[in-house]
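# Below are the sequence and a predicted model; questions follow.
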Amino acid sequence: MTDIFSSLTLPNGQIVPNRLCKAAMEENMADGGQLPGQALFNLYQQWANGGVGMILTGNVMVAPDAMTGPGGVYLGGDSFTQDGVKAKFAQWANVGKSGGAKLYMQISHPGRQVYAAQGTEVVSASATKVSMDGPAASMFDTARALTGDEILGMIKRFADTAHAAEIAGFDGVQIHAAHGYLIAQFLSPLTNLREDEWGGPLENRARLLLEIVREVRARVEPSFGVAVKLNSADFQKGGFDVEDARRVVDWLNGEAVDFVELSGGSYESAAMMGMATDGRAQSTKDREMYFIDFAKDIAQAANMPLMVTGGVTKRKTAEAALATGDVDMIGIARAMGYNPNLPNDWKAGQNLHVALPVVGWKNPLFKGLANMAMTKMNLYRMGDNKPPKAKPSPLVSTLKQQIKQARQTARYKAWLQDRAG
């Protein structure tokens, strides 16, 4: 049986010291100018010291006017022309790798999943809007469909960001094609209504992802890691499903991808937070590791290592997932926001279960927001070199998060205006 602390050699030759990975979380902790700063350095130092084999950063945006949140980090082809910017990203890389872990930058474009309050034009595969119930319905605007030339420009943006990450000293990038972000919007028939070469059958809908992978690979060294985060399913009727995922993974086999992380859901069906209504997803949620059953199906097509994330809080869950032989790495997200030393603890046989706080609110949207807010409050605490709280208040965390986000939004809008001249 594969031990969670055994090493793994990726196809590019990189050796990951153990199978536990700090999965990406939406930190939204950028300094002014949407740059990494001391808060992120402090946070990543704690994770680096915690004993993980790999750290995946939170979303780094490939376009300045497309952020998953106003505190997001931006890195583009123009970034290193500004004084001091390269040094900040290099410091982030040095800190993240200081404990021996591999450090991959997750690169992303949110497409239509941009909050209306940020005041930017939203784009997607087609003119669609995030559909939410109640007060959340006004949180998003209808997207404009990208033109063919803009799609080609988007491919270049991902490659520019990957190349800059390599220059800064990161070990690799993870292309985010899950959770309802732009690439996932192209993959899903619910959001991709195009009738050109970028829409229609899955071969066309997957074209954007495959072309991004190819362009990134062409711009970086063979030893630099290129990974993909892919939905095992959208958990929406008529959407991207597990059979689609299996076919996309089969196509990725020929593209020098070093590993694929399997997740699921979107803002409309938050499976990554354990909130999907799909029966099969619920059955895996009940025993943690939300997407392990889907990984078993997809593993049949995968030649590259697979990583599964979603809901892991117990060492025995990680061990059981590896024991299936279907996955090679285990991603841990929220639990690392409550115990950054978790891998070291598990290796020492201590704190084998991270007891995440339970929010008793009935509204699923507000419950999800509270869960995210509590985790973010702990990330902010670690960014201030304070220990995380085991049981933060959901109400206080949510209110503080709203206040912080409002301040970040004002700062972000001012930054965009400065960029515009």
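Sure thing, it's come through. None of the values given here were measured: they were computed from a predicted structure.

# going forward, measure contacts between C-alpha atoms and count neighbours the same way
Fine.

# For the stretch 51-200 of the chain, which segments are assigned as strands?
54-56, 60-61, 73-74, 102-108, 123-124, 144-145, 172-177 (DSSP state E, counting those that start in this stretch).

# show me where pLDDT drops low in the chain?
1, 268-288 (pLDDT under 70).

# Check which helices and strands the longest helix belonging to it sits against.
The helix that spans the most residues within the chain, counting by DSSP state H, is helix 394-420. Here helix 394-420 touches helix 364-383, going by 3 or more Cα pairs under 8 Å, 6 or more residues apart in numbering; DSSP states H and E.

# next one: the helix it packs on to chain centre, how far?
Offset of helix 364-383 from its chain centre (Cα atoms, centre = their mean, to the nearest Å): 16 Å.

# in that helix, what's buried?
Of the residues in helix 364-383, 365, 367-368, 370-383 count as buried by neighbour count, 16 or more other Cα atoms under 10 Å.

# cool, and stretch 167-181?
By 16+ other Cα under 10 Å, the buried positions in stretch 167-181 come out as 168-181.

# So which residues of the stretch 201-350 of the chain form strands?
Ranges of strands in the stretch 201-350 of the chain, per DSSP E, counting those that start in this stretch, are 225-231, 259-263, 306-309, 329-332.

# the inter-axis angle of the longest one versus strand 259-263?
In other words, strand 225-231. Interaxial angle of strand 225-231 relative to strand 259-263 (axes from the mean of the first three to the mean of the last three Cα atoms, to 10 degrees): 20 degrees.

# So which elements touch strand 225-231?
With contacts taken as 3+ Cα pairs under 8 Å, 6+ apart, strand 225-231 sits against strand 172-177, helix 207-219, strand 259-263.

# Can you work out which other helices and strands pack against the longest one?
The one in question is helix 207-219. helix 148-168, helix 182-187, strand 225-231.

# Now residue 59: closest residue in space, sequence neighbours ignored.
residue 106 (5.2 Å; Cα to Cα, 6 or more residues apart in numbering).

# tell me the SS of residue 6?
Counting by DSSP: H, G, I helix; E, B strand; the rest coil, the backbone at residue 6 sits in coil.

# Quick check, it in contact with residue 52.
No - contact between residue 6 and residue 52 fails when scored by Cα atoms under 8 Å: they sit 11.5 Å apart.

# So which of the two has more stuff around it?
With neighbours defined as other Cα atoms under 10 Å, residue 6 and residue 52 compare such that residue 52 has more, 28 against 12.

# distance of that one from residue 46?
Distance from residue 52 to residue 46, counting by Cα to Cα, to the nearest Å: 11 Å.

# Same question for residue 65.
Distance, residue 65 to residue 46, using Cα to Cα: 30 Å.

# wait, residue 194 sits on residue 200?
Yes - taking Cα under 8 Å as the definition, residue 194 is a contact partner of residue 200 at 6.4 Å.

# Report how many residues lie close to residue 149.
8.

# ok, so what distance separates it from residue 156?
According to Cα to Cα, residue 149 stands 11 Å off from residue 156.

# Quick check: bridge partners of the residue nearest to residue 59?
Beta-bridge pairing for residue 106 (DSSP bridges): residue 174.

# can you count the residues close to it?
Number of residues near residue 106 (other Cα under 10 Å) recorded here: 26.

# show me what contacts it?
Shown in contact with residue 106 (Cα atoms under 8 Å, 6 or more residues apart in numbering): 24, 56-60, 173-176.

# mind running it again at 6 Å?
Taking Cα atoms under 6 Å, 6 or more residues apart in numbering, we find residue 106 in contact with 57, 59-60, 173-174.

# if I look at it, how far off is residue 192?
Using Cα to Cα, we find residue 106 at a distance of 23 Å from residue 192.

# about what we covered before: of residue 65 and residue 46, who's got more company?
Per other Cα under 10 Å, whichever of residue 65 and residue 46 has more neighbours is residue 46, with 21 against 18.

# Find the nearest non-adjacent residue to that one, please.
Spatially, and ignoring its direct neighbours in sequence, residue 46 is nearest to residue 340 (6.1 Å; Cα to Cα, 6+ apart).

# Would you confirm that that neighbour contacts residue 47?
Yes - assessed by Cα atoms under 6 Å, residue 340 is found in contact with residue 47 at 5.3 Å.

# Any idea how many residues pack against residue 111?
25.

# do the same with residue 153
Other residues lying near residue 153 total 12 when counted by other Cα under 10 Å.

# do you know how far it is from residue 220?
Counting by Cα to Cα, the gap from residue 153 to residue 220 is 18 Å.

# Now render the strands of the stretch 201-350 of the chain as a markdown table, adding mean neighbour count and distance to residue 393.
Putting the strands of the stretch 201-350 of the chain into a markdown table (neighbours: other Cα atoms under 10 Å; distance: least, Cα to Cα, whole Å) gives the following:
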| stretch | mean neighbour count | distance to residue 393 |
| --- | --- | --- |
| strand 225-231 | 26 | 31 |
| strand 259-263 | 26 | 28 |
| strand 306-309 | 26 | 25 |
| strand 329-332 | 27 | 22 |
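
# Include distance to residue 247 when you put those strands into CSV, please.
What follows is the strands of the stretch 201-350 of the chain, written out as CSV (distance: least, Cα to Cα, whole Å):
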stretch, distance to residue 247
strand 225-231, 12
strand 259-263, 13
strand 306-309, 15
strand 329-332, 21
